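Student: have a look at this prediction, sequence included:
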Amino acid sequence: MFFRLTVFSAILSLVSMLHAIDAEGHRAANVYDWPPAFEALFGNPVIKKRRGLIFKQSAMVYGAGRYNAYDGMLRGTQPSGVVVFSAAKLSAERLNELAAEALARRFYQLVLHSDRRTRYEDLMQMGELLPMEKERFVAIATKRLAGELIGVPEEDAWWNVRMGSPEMACSRYQLVIINLHYDEGGRKVKLNHGHFCFGLREIGGDAEQDLVFDFRAPWDLDRRPKITEAVNLHKKLRLMSDTQNLYDWLYTQTEYRNCWVNLWFLPATQSQATLLRSFNERGVQHAAGSFRPFRKNCASLGSLFFARLQPFTADSLLRRGPSIDFPVGVANRVKEPYETLPFYRVENMTHVNGREPTAKSEIHRAQPSRASSRVFRDLQKVPGAN
């Protein structure tokens, strides 16, 4: 009993010490390049040094908030801080380095660890667009908090994007939000039906380098799926990401698959473009498991991918509960922050060009060439997008 009381008293004393903010501490925002995501989770924590009982140096973070993919960052109600313990005298640089490492590890634990993913994210096996293991994140965060660049373009880009580092829209690239609809002979299209994906386009168009990041369960037959096949009762359809040349993809949808395509052009940052190009260059096809028509479809996976192009502090694109992920609904949520956006519809030409529509997912190269194809030339004429 005496031992338990002694331990309990020691814990109370430690908690009291950690929450005592005094004149000897200094604030994180005064010594670090303090990003919005860390501000949202930790506030502006005080950093203090305490004499350790052993020579080994260590640091402890207290008072952090919480995070989940639905609600974003939730600020803690208690004062936050970092206490660095050392029996030896520390330089200011070493003190700040130890505190930065502790803050980075705590951020990883509360935000990036696989245990922090929602069931929705786990269902689609969704992590970050750049693989972010704990030690990699700590190394990146420690340097960036000290105001240094990593020197690896995709790592610096990931930090800028996800930490919410201030960055203007670049003059070279734009994001393209895409809804695709099957053309049923002029009949009214139900707005929630269709398909969702997004692209990365160089302003003015780059026929060879512009990309579409598509999300679908590939279909290998010319005919459209039967009802039992469409709802994947037999679990043969596997949802995945697929990156294609933007003009090959648009050409295929409108010249072979009897679809028309709605496009909205959004501003992009250089870091978003770098992150997407890095993802493409790694040749990744994200495997999300068995397709489901309502909550594990193109809009489900597409919204998660697009969310990885936003800061942790941004309003979430995700919805809780047993809702249905509609392609048009996801596109509308992405467009919501913007008052007006350049828009263009690529018309269906399948029957006009004498083809029978196919449902096959196979992508055809744009003709007569990518740069001279109808879809490339049409996009070059969109007001406000070039």
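Tutor: Noted; the coordinates are in hand.

Student: Pro225: neighbour count?
Tutor: Using other C-beta atoms under 10 Å, Pro225 has 15 neighbouring residues. For glycine as for every other residue, the C-beta is placed from the backbone atoms N, C-alpha and C.

Student: what segments of the stretch 51-200 of the chain are strands?
Tutor: Using DSSP state E, counting those that start in this stretch, the strands of the stretch 51-200 of the chain run over residues 58-62, 66-68, 72-74, 81-86, 173-182, 195-202.

Student: now mean pLDDT, mean neighbour count and distance to Lys360 too, for these, in CSV please.
Tutor: Shown next, in CSV, are the strands of the stretch 51-200 of the chain (pLDDT from 0 to 100; neighbours: other C-beta atoms under 10 Å; distance: least, C-beta to C-beta, whole Å):
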stretch, mean pLDDT, mean neighbour count, distance to Lys360
strand 58-62, 88, 18, 53
strand 66-68, 91, 17, 39
strand 72-74, 88, 17, 40
strand 81-86, 90, 22, 57
strand 173-182, 97, 22, 14
strand 195-202, 97, 24, 15
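
Student: the ones you listed: which one's closest to Arg292?
Tutor: Of all the strands of the stretch 51-200 of the chain, strand 195-202 sits nearest to Arg292, with 15.0 Å by C-beta to C-beta.

Student: which residues touch the closest one?
Tutor: Identification of contacts with strand 195-202 by C-beta atoms under 8 Å, 6 or more residues apart in numbering yields 172-181, 209-216, 246, 263, 265, 268, 273, 276-277, 298-299, 302-303, 305-306, 327-328, 330-331, 334, 379.

Student: returning to what we had before: nearest to Cys259, of the strands of the stretch 51-200 of the chain?
Tutor: Shortest distance between Cys259 and the strands of the stretch 51-200 of the chain, using C-beta to C-beta, is found for strand 173-182: 5.1 Å.

Student: show me what that closest one is packed against.
Tutor: strand 195-202, strand 259-267, helix 270-281, helix 327-335 (3 or more C-beta pairs under 8 Å, 6 or more residues apart in numbering; DSSP states H and E).

Student: tell me the helix or strand right after the third one.
Tutor: Spelled out, that is helix 270-281. strand 287-290 (DSSP states H and E).

Student: do the shortest one as well
Tutor: Beyond strand 195-202 on the C-terminal side, the first helix or strand identified by DSSP H and E is strand 211-216.

Student: where along the protein do the helices fall?
Tutor: Applying DSSP state H to the chain gives helices spanning 2-19, 28-31, 36-42, 92-107, 119-123, 134-145, 153-163, 227-230, 246-255, 270-281, 298-307, 327-335, 374-379.

Student: quick one, which of the ones you listed gets closest to Ser80.
Tutor: helix 36-42 (4.9 Å).
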